[in-house]
Structure formats: C-alpha cells, structure tokens
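> here is my input, please return the structure:
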Amino acid sequence: MLVIVCYDVNTETREGRRRLRRVARLCEGIGQRVQKSVFECQIDRARFEALERDLVAEIKAEEDNLRFYRIAELRGYEVREHGRFRATDFDGPLVL
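Have a look, this model is predicted:
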C-alpha cells in the first residue's frame, strides 16, 4: 500500500529540533521524501503499523502533528506531479 506520512514538529525548543530529526530519520529509512515534512512510503501493513508505532512514540502529542494517509492498491491510485520533483520508480529496474 502507498502511505503518505506528514508531520509538523514544534521546533521552538532544542528538544523539539531533536524530535524533528528523529522523526525525519525514521521516515527516511522507509520512504521517499517528497517535501520537507512529507514522505511517500510503499510498504505492507506490518511495516506501516511498526512505522506508526515508532513515530507516535517520538512525537509530543500536545505540540506536534502527525498524519498518515493510507492508499490501498485495490482501489487504485494516481499521483500527479507538477514542477521539478520526479519520484523514484521503486518497481522499475534498479540501475547502479
């Protein structure tokens, strides 16, 4: 399934800036950054649940915001891109 992860971490404090780095690092390990705080992740349900659990443990619910958009492949989905960014095709051939 395709999962869109969006977050907004309060960075007014030193601890907030650390939280932001930890959240970004977790997302970078699983998905592809499409904007500063938005990641596209092509993952299965088990990996999604683990990611959600890890990210919820990192944020401070009173100060931060974390959103997940799950897009099931059964229903199909379409991504329209405009501008400079071009997504990596993870299903295509790997060229090194």
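> any regions of this protein where pLDDT drops low?
Along the chain, segments meeting pLDDT under 70 span 74-91, 94-96.
> one more pass at 90, please.
For the chain, the stretches with pLDDT under 90 are 1-2, 61, 70-96.
> hey, where'd the strands end up in it?
2-8, 32-35, 38-42, 65-71 (DSSP state E).
> would you mind giving the ones you listed as TSV with distance to Leu55 and mean neighbour count added?
Every C-beta, even on glycine, is put in place using the N, C-alpha and C of the backbone. Converted to TSV, these look like this (distance: least, C-beta to C-beta, whole Å; neighbours: other C-beta atoms under 10 Å):
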stretch	distance to Leu55	mean neighbour count
strand 2-8	7	18
strand 32-35	15	14
strand 38-42	10	18
strand 65-71	6	13
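> what's the closest of these to Phe48?
Smallest distance to Phe48 across the strands of the chain (C-beta to C-beta): 5.6 Å, for strand 2-8.
> strand partners (parallel or antiparallel) of that closest one?
Note on strand 2-8: by DSSP bridges, its sheet partners are strand 38-42 (antiparallel), strand 65-71 (antiparallel).
> include distance to Glu58 when you put the strands of the chain into a markdown table, please.
Shown next, in a markdown table, are the strands of the chain (distance: least, C-beta to C-beta, whole Å):
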| stretch | distance to Glu58 |
| --- | --- |
| strand 2-8 | 9 |
| strand 32-35 | 17 |
| strand 38-42 | 14 |
| strand 65-71 | 9 |
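> tell me which of the ones you listed sits nearest to Arg14.
strand 2-8 (17.7 Å).
> what's in contact with that closest one?
Strand 2-8 is contacted by residues 23, 27, 31, 37-43, 48, 51, 55, 59, 64-71, 73, 77 when judged by C-beta atoms under 8 Å, 6 or more residues apart in numbering.
> quick revisit: and Glu12, which of the strands paired with strand 2-8 is closest to it?
In terms of C-beta to C-beta, the element of the strands paired with strand 2-8 nearest to Glu12 is strand 65-71, at 14.2 Å.
> the residue lying closest to Leu26 once chain neighbours are set aside and Ile30, how far apart?
Using C-beta to C-beta, 6 or more residues apart in numbering and skipping residues adjacent in sequence, the residue nearest Leu26 is Asp54, 5.5 Å away. Distance of Asp54 to Ile30, computed by C-beta to C-beta, to the nearest Å: 9 Å.
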